[in-house]
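J.: below are the sequence and a predicted model; questions follow.
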Amino acid sequence: MRAVDLAKRRRRAALRHFDSAKRERSSGHLVAAESAFVAAAEAFAEVPDRSAEAIAWNQAGAVRMQLGHLRTAYEAFANARHTALAAGDDTRAASALGNLASCLIELGETAEARACLQEALAMHERATDRRGEAAALGNLGLLALRSGDGPAAEDALSRALELFVALGDPAGAASSLNALGELARSRGDIPTARERYGRALSIASSARLAETQLLALGNLGNLERIAGDLDAAEQAFTSALVAAEGLGAQTLLAAAHTNLGNVALARGGRDVAEAHYRRSLAIHEAQGHAAGRAGDLANLGQLAADAGRTLEAQEAFERALDAYTLIGELRHRVVVGSALAQLERATGDLATASVRHTDLLAQATEMGFALGQAIHRSGLGVLALLRADIEAAVAHLREAEARYADAGDRRARAGALLALAEASAVSGRHGEARAAAREAHHFYEAAAMPGGAAEAWLGRAAVALLAGELSEAEAAAGRARDDFELVEAPLGLASVALVLAEVRLEQGRLNDAAALATESTPVFASARHVPMTHLAVALHALATADWPTVEARAESLLALGHLLLALRMRALLARVTGRGLVAVQVDADALGLVAIAASLARPLRLPPQQ
């Protein structure tokens, strides 16, 4: 009798712990809930009741996942699986396997996660456990989404959604809709993405599913950010941040910091953006969250690249790329690969950049990843422009611009339009160039992006300079300088100095031209931007009548494959000295560079050279 009474007391104590845990969780007190579920599991082990113990460990693991404690969540789910198998409870063992897989996905162990999910799905199907089957399908869909297998993701997530709706499971339905929205966004189908996120938010709000509601809110905020409505995006992300702090949900808190960093960066607040990114990184490192950590490294790498800290940026991008490759997150790998290619282009390695863009474009195309295709089309278009292959440049850039338009990404679309404007100006289509530059400027200003507005003014200055409109070029460059100073962008300011140096050279103000070129040279040199360093040195040499240096730098640009810059340097040299004019004009004509050929006949306001 004493043994029976002891077992009853232990069971009552275990149930009290379990009921307390459920109350704490429903009130949003996750830390207290986790402690109570662990206490319940330990109490059920003493009864002993293996099935109840497995349930408690599963619940403890789920709360730990909500808190972002991935490694301890893994331990709880492993305990749940072990105790369920010991009890001969295959249904609960399969549920534990599915939860283990969710944890492994976040930790970046995708191969092990996939194996767990496939085993769990088979067990649920044998037991006709529809709820478990839906959960396994949802997680398999998430894995397919991360690896870039769009059709497999659509199939698994749609089947999961159908099952969750039939079961009346709002949490599962909303989570499936969030993932399906992400899939639509990756394909550039913004209306479908918005509709799916909206449905997820509606379901989560009605069912009072705080975390799922926050995820949907963040997803909708990202659509607003991409479309350029930074105020709406910031409002959504701030609400998510406050709610995540209240819940103690670390993963969602990190996401809110990242999203607010993206908004701050779009507004030119680099210091604020870096602070948010570093907070997110600290959370992800404490969690062991591989995908989150990779994203933070990529964001910090972009900040370093913009500041001219090229080696730091390259290291961050490579670490992020390796992490994404390891965990099978191929969509993000495609995006980070573009950032590395841009660094390679800036440092003068056009061949490596071209191979990287080409390979990743093929991967993005195979995945049906529309944004990835646009990014690498744009990169290949810029490379073609640098090589003076205007026809290829225009083809790539128009395709990229159209895809960005479909995706609703105004900022990226503006960047493609600025490159198209330069291609048109180089070809002598100055009206078309001005129209493209103005359209790009409109997108940036509509989105209140000071850094983007600075790029737009710089692009308009370059277009005006190619057309020989010096006053217009000078005014646009001045506006660009003001905006770059606002966002503290040293590389942007150095680029403005080069445009103004060329304007001063055209005006015959040689001392001013030399001073501006000198000002920009160490900025580009310290950032290891080899082509722009050559350009800065060549402009200084032109202003100081150092013709051999100009020719040497033009040869260096040719060796790097920067045919367009080399021809412009030679054209300026020919106009200053009166030598080699015909040869440069023939080269420009042969390449179809009408503007450069025509500019050779435009007089410089320089004193006669001996």
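T.: Now that the structure is in, tell me what you want to look at.

J.: which residues of this structure score low on pLDDT?
T.: The chain contains residues with pLDDT under 70 at 1-6, 28, 68, 108, 407-408, 446-452, 578-610.

J.: now stretch 217-225: buried residues?
T.: Across stretch 217-225, burial judged by 16 or more other C-beta atoms under 10 Å covers L217, G218, N219, L220, G221, N222, L223, E224, R225. In short, each C-beta sits where N, CA and C put it, glycine included.

J.: so who does the fourth one touch?
T.: Contacts of L220 were listed using C-beta atoms under 8 Å, 6 or more residues apart in numbering, and they are R194, Y197, G198, L201, A236.

J.: pretty sure the fourth one is touching Q213, no?
T.: Put plainly, it is L201. Yes: applying C-beta atoms under 8 Å, one finds L201 in contact with Q213, separated by 6.2 Å.

J.: now do the shared contacts for those two.
T.: By C-beta under 8 Å, 6+ apart, L201 and Q213 have these common neighbours: A174.

J.: contacts for the helix or strand harbouring A440 next, please.
T.: Assigned by DSSP states H and E, A440 falls within helix 430-446. Here helix 430-446 makes contact (C-beta under 8 Å, 6+ apart) with 228, 410-411, 413-415, 417-418, 420-425, 452-453, 455-457, 459-460, 463-464, 466-467, 595.

J.: if you set the cut-off to 7 Å instead, what comes out?
T.: The contact list for helix 430-446, computed with C-beta atoms under 7 Å, 6 or more residues apart in numbering, reads 228, 410, 413-414, 417-418, 420-421, 424-425, 452-453, 456, 459-460, 463, 467.

J.: if we can go back for a sec, neighbour-wise, which of the contacts of L220 leads?
T.: Neighbour counts for the contacts of L220 (other C-beta atoms under 10 Å) peak at Y197, which has 27 neighbours.

J.: what's the spacing between the nearest residue to E125 once chain neighbours are set aside and R81?
T.: With C-beta to C-beta, 6 or more residues apart in numbering as the criterion, E125 has its nearest non-adjacent residue at 5.9 Å, and that residue is E133. According to C-beta to C-beta, to the nearest Å, E133 and R81 sit 18 Å apart.

J.: quick one on the thing from earlier: now do the buried residues in the helix holding A440.
T.: Buried-residue list, helix 430-446, by 16+ other C-beta under 10 Å: H430, E432, A433, R434, A435, A436, A437, E439, A440, H441, F443, Y444.

J.: now, among those, which is nearest to N178?
T.: Closest approach to N178 among these (C-beta to C-beta): F443, at 28.0 Å.

J.: distance of that closest one relative to A462?
T.: Separation of F443 from A462 (C-beta to C-beta): 18 Å.

J.: E399 too?
T.: The spacing between E399 and A462, counted by C-beta to C-beta, is 22 Å.

J.: which of those two has more neighbours?
T.: A side-by-side neighbour count of E399 and A462, using other C-beta under 10 Å, places A462 first with 25 against 17.

J.: please, which helix or strand holds the residue nearest the centre of the chain?
T.: In the chain, the C-alpha nearest the mean C-alpha coordinate belongs to V335, at 6.1 Å (C-alpha atoms, centre = their mean). Assigned by DSSP H and E, V335 belongs to helix 330-346.

J.: so what touches that helix?
T.: Residues from elsewhere that reach helix 330-346 (C-beta under 7 Å, 6+ apart): 147-148, 186, 294-295, 298, 301-302, 305, 310, 313-314, 317-318, 320-321, 324-325, 352-353, 356-357, 360, 363-364, 367, 369, 372, 375-376, 379, 383, 529.

J.: can you pull the contacts of the closest residue in space to R278 that isn't next to it in sequence?
T.: The shortest distance from R278 to any non-neighbouring residue, by C-beta to C-beta, 6+ apart, is to L300 (7.3 Å). By C-beta under 7 Å, 6+ apart, L300 lies in contact with E274, Y277, A316.

J.: what do you get if the cut-off is 8 Å, keeping everything else the same?
T.: Taking C-beta under 8 Å, 6+ apart, we find L300 in contact with E274, Y277, R278, L281, A316.

J.: just among those residues, which is most surrounded?
T.: Counting neighbours by other C-beta under 10 Å, Y277 leads the contacts of L300 with 27 neighbours.

J.: hang on, that residue packs against L303?
T.: Yes: because the distance of 7.2 Å satisfies C-beta under 8 Å, Y277 is recorded as touching L303.

J.: quick one: the helices in the stretch 301-450 of the chain, in order.
T.: Ranges of helices in the stretch 301-450 of the chain, per DSSP state H, counting those that start in this stretch, are 310-327, 330-346, 350-367, 370-386, 390-407, 410-426, 430-446, 450-466.

J.: quick one: the second one to helix 310-327, angle?
T.: Translated: helix 330-346. If you take axes from the mean of the first three to the mean of the last three C-alpha atoms, to 10 degrees, helix 330-346 sits at 160 degrees to helix 310-327.

J.: the third one too?
T.: Relative orientation of helix 350-367 and helix 310-327, computed by the same axes, to 10 degrees: 30 degrees.

J.: run the chain-centre distance for stretch 208-220.
T.: 21 Å (C-alpha atoms, centre = their mean, to the nearest Å).

J.: ugh, typo on my part, it should be stretch 512-522
T.: For stretch 512-522, the separation from the chain centroid amounts to 34 Å (computed by C-alpha atoms, centre = their mean).

J.: same check on stretch 229-244?
T.: 18 Å.

J.: check stretch 419-426 too.
T.: Stretch 419-426 sits 26 Å away from the centroid of its parent chain (C-alpha atoms, centre = their mean).

J.: residues contacting it, please?
T.: 378, 381-382, 385, 388, 390, 393-394, 397-398, 401, 430, 432-434, 436-437, 440, 459-460, 462-463, 466-467, 564, 593, 595-596.

J.: list the contacts for A513?
T.: A501, E502, R504, L505, L539, H540, L542, A543.

J.: returning to that earlier point: how about the helices of the stretch 301-450 of the chain in a markdown table, adding distance to L163?
T.: Compiled in a markdown table, the helices of the stretch 301-450 of the chain are given as follows (distance: least, C-beta to C-beta, whole Å):
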| stretch | distance to L163 |
| --- | --- |
| helix 310-327 | 27 |
| helix 330-346 | 26 |
| helix 350-367 | 26 |
| helix 370-386 | 28 |
| helix 390-407 | 30 |
| helix 410-426 | 37 |
| helix 430-446 | 42 |
| helix 450-466 | 44 |
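
J.: which among those is found nearest to R92?
T.: From the helices of the stretch 301-450 of the chain, taking C-beta to C-beta, the stretch that ends up closest is helix 310-327, at 28.0 Å.

J.: can you list the buried residues in that closest one?
T.: Across helix 310-327, burial judged by 16+ other C-beta under 10 Å covers T310, A313, Q314, A316, F317, R319, A320, L321, A323, Y324, I327.

J.: just checking, what packs against that helix?
T.: On a contact count with 3 or more C-beta pairs under 8 Å, 6 or more residues apart in numbering; DSSP states H and E, helix 310-327 meets helix 290-306, helix 330-346.

J.: tell me the gap between the helix or strand containing V496 and the middle of its chain.
T.: Assigned by DSSP H and E, V496 belongs to helix 490-507. The chain centre lies 30 Å from the centre of helix 490-507; the measure is C-alpha atoms, centre = their mean.
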